[in-house]
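J.: no sequence for this one, just the structure:
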């Protein structure tokens, strides 16, 4: 079984290390997948990221969320091994990892929304003081990161 789970669930985990008000707003899972308990003894966390700094940050965050069984890949695989599938496989198996969590960036975008000033009713209550008071609109910004998380068995060939 090549991939045990394919999900978009890591948004809250990864962004939670840098922002306190981050929350997951959407996730997807293959509806045909029949979930079964997964038990790994030693898990390698691999992040495919735009930069080495982001990769290390993502691997650290995910490993911390998984717990003591998880190890960030940057502490096990060299830069050359990361880019070479055969070398990565040999190193992962030699180190005794039985599970691999792969995290991949799919996209990032920023959105802004202008929220209008509050309105008051009825008309005459509003009318009397609206000449002396002006309320400003509020600008709300979102940073949206889309990720894919896959869980693999490092023991199986599939």
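T.: That came through, no problem. In this text the structure is predicted, and so the values were computed from the model without any measurement. Residues are numbered from 1 along each chain as shown.
J.: would you confirm that residue 142 belongs to a helix?
T.: No: counting by DSSP: H, G, I helix; E, B strand; the rest coil, residue 142 falls outside a helix, being strand.
J.: so what's it bridging to?
T.: Listed by DSSP bridges, the beta-bridge partners for residue 142 are residue 111.
J.: show me what contacts it?
T.: 110, 111, 112, 113 (CB atoms under 8 Å, 6 or more residues apart in numbering). C-beta coordinates here come from the backbone N, C-alpha and C atoms, glycine included.
J.: of those, closest to residue 145?
T.: Nearest to residue 145 among the contacts of residue 142 is residue 110, at 10.2 Å by CB to CB.
J.: my guess is that closest one meets residue 145, correct?
T.: No: look at residue 110 against residue 145 with CB atoms under 8 Å: they stay out of range, at 10.2 Å.
J.: of the two, who's got more company?
T.: Between residue 110 and residue 145, residue 145 has the larger neighbour count (other CB atoms under 10 Å), namely 14 against 8.
J.: tell me the confidence at that one?
T.: We note a pLDDT of 82 for residue 145 in this prediction.
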